[in-house]
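Engineer: quick one: sequence plus predicted model below, questions after.
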Amino acid sequence: MLSKTLLIADAAKYEGQTITDYFAVAAKQLRRKKDGSVFLWLRLSDRSGQCEAVMWDNLETCVESFQAGDVVKLRVDVANYQGKTQLTIKQLRKAAPEEYVRADFQPHTAYNIDELWARLTGFVDTFSDPYLKQLVSSFLDDPEVAASLRTAPAAKYMHHAWIGGLLEHIVSLLGLCDRVAPHYPHVHRDLVMTGAILHDIGKLEELRWGFQFDYTLEGQLLGHITQGIAMIEKRTATIPGFPARLRLMVEHIVLSHHGRYEYGSPKLPMTPEAILFHYLDDLDAKLHTVRAEFDRSVAQGRAPDELTDYVRAMERPLLDTRAYLDAAEPEVETDDALPAEDRA
């Protein structure tokens, strides 16, 4: 069993070379060229990211031997096509499980899971509201929920779309809530923090994750907001005396956290806590999307101080400020800029 030698994030460094390595197949399609002939298009993935690959010839020897979700061994030519790294497949076969290390094909949070979990439970320990603390603990103390929450991605493609991404997102939001909520005395701090922990809890049932992330049937039909509300209803029903009004406030944050009807919110945020949480959630998601786009742009061979391609999720291209400023040429002192006594 061997680890990968070529990571997709580093593929641009191999431009002009032929490489043999293992990749997970995230998507597979047969497409037609302008002349009507068929070619194979793949979206490949590993723990570092994704890229496109095409196979023009000899499809009949391999196209039926694998499916999306499989790991394949490829011999590929690495090239730059329209500013993006593209792999042209020369040979392909499905890999046997003993040939590869599973972790090589699962994007993973850069943070330590145990440390993230400790930060999560540490925030819960600061709750002063006993009912909200008991509600959140009923999820975190459930071994099945805890195991899923330690590995779940936060999305299929968008922000925090990696193993441990949901936990990372929650802990990041808790840090924001903990700083911002005290700035507004009329905001119920523990209620906002509860929203941070439970707003996406339905994703534990909406998503499934392995070499690729996808939706469960229930996730497709119901969605994580509906599933999350059902999970909260079930938990609050087991807590004696849980206030109905408090449950209503928790559920309103979950129902409205996307902020707009066209973004999937059944309701608009109508309480201070729901309004605050929506904007913090949106901020955290957007800035992580921005960071991911910078990394993807560099992986595709673009200079870090250049604008990215148009980013559909943000409806604009993006510029990495730090990279742009760091790349500035240093100012050169001229004689005129020096004191008279220092001039030659």
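Structural biologist: Cool, got the structure. Numbers count the residues shown, from 1 in each chain.
Engineer: centre of the chain to the longest helix seen in the chain, how far?
Structural biologist: Using DSSP state H to assign secondary structure, the helix with the most residues in the chain is helix 272-299. For helix 272-299, the distance between its averaged C-alpha position and the chain's averaged C-alpha position is 10 Å (CA atoms, centre = their mean, to the nearest Å).
Engineer: can you give me how far whatever helix or strand comes next after it is from the chain middle?
Structural biologist: Toward the C-terminal end, the helix or strand that comes next after helix 272-299 (DSSP states H and E) is helix 321-326. When distances are taken as CA atoms, centre = their mean, helix 321-326 is centred 24 Å away from the chain's centroid.
Engineer: extract the C-alpha set from helix 321-326 and format it as PDB.
Structural biologist: Output for helix 321-326, consisting of C-alpha atoms alone and laid out as PDB, is shown next (Å, rounded to 0.1, in the frame of the first residue of the first chain):
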ATOM      1  CA  THR A 321      -4.700  41.300  -0.700                       C
ATOM      2  CA  ARG A 322      -1.800  39.900   1.200                       C
ATOM      3  CA  ALA A 323      -0.200  38.200  -1.800                       C
ATOM      4  CA  TYR A 324      -0.800  41.300  -3.900                       C
ATOM      5  CA  LEU A 325       0.900  43.600  -1.400                       C
ATOM      6  CA  ASP A 326       3.700  41.200  -0.700                       C
END
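Engineer: what sits up against that helix?
Structural biologist: Surrounding helix 321-326, the residues in contact under the criterion CB atoms under 8 Å, 6 or more residues apart in numbering are F294, P304, D305. Just so you know, the C-beta spots here come from the backbone N, C-alpha and C atoms, and that holds for glycine as well.
Engineer: next, give phi and psi for the last one.
Structural biologist: Per-residue torsions, D305: phi -100, psi 20 (degrees, to the nearest 10).
Engineer: how about the contacts of helix 321-326 in TSV, adding pLDDT, distance to G165 and neighbour count?
Structural biologist: Conversion of these to TSV gives the following (pLDDT from 0 to 100; distance: CB to CB, whole Å; neighbours: other CB atoms under 10 Å):
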residue	pLDDT	distance to G165	neighbour count
F294	90	17	18
P304	90	23	16
D305	90	28	15
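Engineer: what residues of the longest helix of the chain count as buried?
Structural biologist: If you call a residue buried by 16 or more other CB atoms under 10 Å, then helix 272-299 has these buried ones: 273-278, 280-281, 284-285, 288-290, 292-294, 296-299.
Engineer: burial of the residue lying closest to L283 once chain neighbours are set aside, as a residue count?
Structural biologist: Closest residue to L283 in three dimensions, ignoring its sequence neighbours and counting by CB to CB, 6 or more residues apart in numbering: L176, at 7.3 Å. With neighbours defined by other CB atoms under 10 Å, the count for L176 comes to 18.
Engineer: what sits up against the helix or strand where L176 lies?
Structural biologist: Take DSSP H and E as the rule and L176 turns out to sit in helix 165-180. Residues outside helix 165-180 that contact it (CB under 8 Å, 6+ apart): 109, 111, 113, 116-117, 119-120, 123, 126, 149-150, 152-155, 159-160, 189, 192-193, 195-197, 200, 203-204, 276-277, 280-281, 283-285, 288.
Engineer: restricted to helices, list these.
Structural biologist: With helices identified by DSSP H, the entries of the contacts of helix 165-180 that belong to them are 113, 116-117, 119-120, 123, 149, 189, 192-193, 195-197, 203-204, 276-277, 280-281, 283-285, 288.
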